[in-house]
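*Asks:* no sequence on hand, only this structure:
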Ligand SMILES: Cc1cc2nc3c(=O)[nH]c(=O)nc-3n(C[C@H](O)[C@H](O)[C@H](O)COP(=O)(O)OP(=O)(O)OC[C@H]3O[C@@H](n4cnc5c(N)ncnc54)[C@H](O)[C@@H]3O)c2cc1C
């Protein structure tokens with residue numbers, strides 16, 4: 001590591017290489033604080049060329065590297081390697097170009113999600129994907145996680161809003177993947193690959209026109225079942241709101257404690273529904289929405305931007321707010337078909353009672369994307385293990401109901417072990433073959449996404465037999 005560090009110092013500015021043990025610890029985890037590792041060395045490149053130089057050196061020394069944006073990931077994707085280099089993009093924060101006629105912006109990877117919208121808001125544009133962490137998370141991290149957010153029900157995920165990406169490939173080449181490229185959708189493969197296919201150094205995003213009208217409604221229900229029925233009724237009526245978010249009583253309690261959001265007292269669940277589009281259409285949909293939310297004991301409609309922000313405040317701060325009612329918690333992320341929501345929520349309730357572990361529910365109800373917050377006291381012996389068990393059982397519920405182990409937070413190191421519950425060995429091998437095509441030496445963010453790597457030269461797992469593609473000579477095993 002010392003020789004590599006000397007080599008890194010020779011290709012980067014002096015202050016761009018961190019080896020001080022105290023400063024290294026700043027980067028030992030992301031938002032999933034349960035997993036920690038001190039990086040071997042941290043680098044803060046300022047240009048794509050510097051990233052490429054770092055990656056080339058990692059190749060020369062056969063050392064793994066991990067990209068990190070703002071470190072808000074909740075699946076341990078940016079967990080560093082003690083024997084590796086952590087490439088932090090926080091110095092790459094330039095908005096390089098704004099091209100409104102073509103509705104595009106070209107940005108460096110460390111730019112925060114919200115900064116893109118702030119740069120074009122006055123001209124009536126915005127960047128649509130809006131993770132709740134949008135004030136701090138980086139666009140590079142969003143690309144790597146294919147991040148979503150409250151408004152993705154109508155507008156889609158990061159993959160729907162990225163036009164091109166300049167990347168440093170795992171062997172150190174600087175290439176551009178463009179949506180317009182003929183052939184396989186390599187840009188699509190890169191988005192959501194969690195830093196295992198290279199480091200994004202420049203991203204061209206699509207800008208959206210701000211809608212003519214927005215109506216934000218808070219509907220308070222006595223129970224979560226009633227809230228769930230309203231969601232089904234809204235979607236069943238053919239309305240596609242910009243967002244439908246639900247919070248249960250425990251999540252509301254946490255949000256009240258943290259940000260005093262003044263949601264209706266005594267609510268078993270609140271729904272936040274946002275309608276947007278041409279004014280006449282929003283008005284018509286709102287009239288229908290009122291009827292569909294007839295079961296609500298209170299319906300609050302935001303009269304202006306300040307009231308809209310007040311409605312969103314509780315939801316946007318919900319994850320962090322849970323810290324007010326519990327010393328520790330796990331933010332889970334799974335998806336179920338919308339129709340399965342009531343059954344799965346009831347099953348989560350039962351799990352919670354059986355294990356004596358409280359679970360607060362905050363979720364993108366329109367997408368069926370659950371974010372159960374599994375609360376525990378880390379000072380209580382065995383509580384962490386019980387919380388882990390509940391958390392895992394929730395993912396099993398998602399799979400049983402035809403859903404997925406992650407909606408938007410990625411697999412990272414946290415859920416790699418659940419991948420075999422969703423995919424067969426052949427599926428996983430095939431994914432590894434894609435990875436090998438980009439990263440034959442397995443140096444880009446190893447140990448993430450895949451449970452027990454079977455191909456590609458990573459830590460060897462127990463492999464039985466040869467992958468059919470390798471056997472037929474169509475793919476190579478490295
Ligand atoms: C309070 C809170 C709310 C959140 N709400 C949401 C939400 O609503 N929706 C949602 O989708 N997520 C949400 N998240 C999760 C997280 O913010 C997103 O996953 C985000 O995209 C991570 O961005 P980051 O810059 O922090 O990435 P990091 O945590 O630094 O890294 C995440 C992954 O991206 C890789 N990576 C980072 N930069 C690059 C790059 N330039 N090139 C290649 N790979 C890279 C890393 O190796 C890692 O695998 C939330 C997190 C928190 C803490």
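*Replies:* Happy to help now that I have it. Model, not experiment: these values are computed from the prediction. Residues are numbered from 1 along each chain as shown.
*Asks:* from here on, contacts and neighbour counts on C-alpha atoms
*Replies:* Noted.
*Asks:* my read: residue 377 touches residue 328, true?
*Replies:* Yes. Contact status for residue 377 versus residue 328: in contact at 5.7 Å, counting by C-alpha atoms under 8 Å.
*Asks:* next, the residue of the stretch 301-450 of the chain found nearest the ligand: secondary structure please.
*Replies:* Evaluated by C-alpha to the nearest ligand atom, the stretch 301-450 of the chain has residue 408 as its residue closest to the ligand, separated by 4.2 Å. On the three-state scheme (DSSP: H, G, I helix; E, B strand; the rest coil), residue 408 is labelled coil.
*Asks:* burial measure for it, as a count.
*Replies:* For residue 408, the neighbour count with other C-alpha atoms under 10 Å is 22.
*Asks:* OK, contacts around it?
*Replies:* By C-alpha atoms under 8 Å, 6 or more residues apart in numbering, the residues touching residue 408 are 145-148, 333.
*Asks:* just those residues now: which is nearest residue 246?
*Replies:* Nearest to residue 246 among these is residue 333, at 14.3 Å by C-alpha to C-alpha.
*Asks:* test my guess that the closest one contacts residue 406.
*Replies:* Yes. Using C-alpha under 8 Å, residue 333 is in contact with residue 406, at 5.2 Å.
*Asks:* look at these two and report which has more neighbours.
*Replies:* The neighbour comparison of residue 333 against residue 406 (other C-alpha under 10 Å) goes to residue 333, with 26 against 20.
*Asks:* what about the nearest residue to that one once chain neighbours are set aside, helix or strand, and which?
*Replies:* Spatial nearest neighbour of residue 333, chain neighbours left out: residue 371 (4.8 Å); criterion: C-alpha to C-alpha, 6 or more residues apart in numbering. Here residue 371, judged by DSSP states H and E, is contained in strand 369-376.
*Asks:* out of residue 377 and residue 328, which sits in the busier spot?
*Replies:* Set residue 377 next to residue 328 and count neighbours by other C-alpha under 10 Å: residue 328 wins out with 19 against 15.
*Asks:* for that one, what are its contacts?
*Replies:* 375-378.
*Asks:* just the buried ones from those?
*Replies:* Buried residues within the contacts of residue 328, counting neighbours by 16 or more other C-alpha atoms under 10 Å: 375-376.
*Asks:* and which of the contacts of residue 328 is nearest to residue 218?
*Replies:* After measuring these against residue 218 - C-alpha to C-alpha - the closest member comes out as residue 375, at 25.6 Å.
*Asks:* what about the closest residue to the closest one other than its chain neighbours, neighbour count?
*Replies:* Excluding the flanking residues, the one nearest residue 375 by C-alpha to C-alpha, 6+ apart is residue 329, at 4.3 Å. As a burial measure, residue 329 scores 26 neighbours (other C-alpha under 10 Å).
*Asks:* can you tell me the helix or strand for residue 329?
*Replies:* strand 328-331.
*Asks:* list the contacts of the helix or strand that that strand is followed by.
*Replies:* Counting by DSSP H and E, the element after strand 328-331 in chain order, helix or strand, is strand 334-335. Identification of contacts with strand 334-335 by C-alpha under 8 Å, 6+ apart yields 367-371, 394-395, 398, 403-407.
*Asks:* just for the chain, where's the confidence low?
*Replies:* 452-478 (pLDDT under 70).
*Asks:* that older thread, ok, and of the contacts of residue 408, which contact the ligand?
*Replies:* 145, 147-148 (C-alpha under 6 Å from any ligand atom).
*Asks:* ok, of those, which come out buried?
*Replies:* For those, buried by 16+ other C-alpha under 10 Å: 145, 147-148.
*Asks:* show me what from the stretch 351-478 of the chain comes close to the ligand.
*Replies:* 408-409.
*Asks:* good, we can wrap up now.
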